[in-house]
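Asker: Pasting the sequence and the predicted model now:
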Amino acid sequence: MTTSRPSRIDLSPISVALILTILFAPFSPLRAQAPLDRKTQHIIFVMTDGLRWQEVFRGAEESLMNRQNGKVKNEAALKKTYWRDSAEERREVLMPFVWQVMAKQGQIFGNRDKGSDAFVTNHMFFSYPGYSETLCGFPDDTHIHSNDNVPNPNVTVLEWLKNRPNFQGDIATFGADFNITYPLLFDSGDKINEAYGVTAIPTTYFIDSKGIVRSVFVQPLTSSTLQQGLSSVGIVLHP
């Protein structure tokens, strides 16, 4: 059915993006085009998958704080820690940094109880299409219609910024400022992913001094897999 405006959807199972404008970031200012008299120097973009707006703005939900609906083992302890009489108290005790720092030093949007609505316009309503729409500014149901690791044919705002004249060299500057000795790059077009067969994130490669891939772990690293990987390239960790 075609409508003149996308119908509103519940974003609870979909990623919620928190865009934080930080006035006190410790990094050196980017060479942006904003006037020098503006205080804002950086924008830090954080996207979480599965974060519900209800918890952000209402705090803990009582109907989920039990064994039946929330698989809670110790209901009394959970309620003592996170349940409060008002939504304002509940959300602050659940997310103290958000409400004690972000809300006081910036602005927070998306409280549907107060009419601050947000919704996606793609028809998939899950992770990758939502990420793509967020970073590109428009949906692409033709190419991005699953969570499969397929190259995104669209240019994201981050890639667009990287290619702007005033941002040239900022990646190199960041690496030098923080003494990062390993290569930093944007994998435009997923060329590196395709060359190395990256099919999931995180994927960790252990490459020896001759450039030969000795081991690959398609999972978060543990102390055991880290030791295995290092051992495969001739490095042994001693307690």
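Answerer: In hand now; what should we look at? Values in this document were obtained by computation on a predicted structure and should not be read as measured data.
Asker: hey, where'd the helices end up in this protein?
Answerer: 53-58, 67-70, 75-82, 87-94, 96-97, 103-105, 127-136, 157-162, 170-177, 191-196, 223-232 (DSSP state H).
Asker: looking at those, which has the lowest confidence?
Answerer: Ranked on mean pLDDT, the bottom entry among those is helix 170-177, at a mean of 66.
Asker: re earlier: and His143, which of the helices of the chain is closest to it?
Answerer: helix 127-136 (8.5 Å; CB to CB). Glycine gets a C-beta too; all of them are placed from N, C-alpha and C.
Asker: Can you list the buried residues in that closest one?
Answerer: By neighbour count on 16 or more other CB atoms under 10 Å, the buried set for helix 127-136 is 127-136.
Asker: which helices and strands does that helix pack with?
Answerer: On a contact count with 3 or more CB pairs under 8 Å, 6 or more residues apart in numbering; DSSP states H and E, helix 127-136 meets helix 157-162.
Asker: Any idea how far the helix it packs on is from the middle of the chain?
Answerer: Relative to its chain's centre, helix 157-162 lies at 16 Å (CA atoms, centre = their mean, to the nearest Å).
Asker: Would you mind putting the CA coordinates of that helix into CSV?
Answerer: Provided in CSV are the C-alpha atoms of helix 157-162 (Å, rounded to 0.1, in the frame of the first residue of the first chain):
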residue,chain,number,x,y,z
VAL,A,157,28.4,10.9,5.0
LEU,A,158,31.6,9.7,6.6
GLU,A,159,33.1,8.8,3.3
TRP,A,160,31.9,12.1,1.8
LEU,A,161,33.5,14.0,4.6
LYS,A,162,36.8,12.1,4.2
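Asker: Give me the pLDDT for the residue nearest the centre of the chain.
Answerer: Geometric centre of the chain, nearest residue: Met47, 3.1 Å, by CA atoms, centre = their mean. Confidence at Met47, expressed as pLDDT, is 81.
Asker: Might one say that it is in contact with Tyr128?
Answerer: No: look at Met47 against Tyr128 with CB atoms under 8 Å: they stay out of range, at 11.7 Å.
Asker: Near Gln105, how many other residues are there?
Answerer: 12 (other CB atoms under 10 Å).
Asker: swap in Phe109?
Answerer: Phe109 has 10 nearby residues by other CB under 10 Å.
Asker: can you check Pro220 too?
Answerer: 9.
Asker: isn't it right up against Thr203?
Answerer: No: under the criterion of CB under 8 Å, Pro220 makes no contact with Thr203, lying 10.3 Å away.
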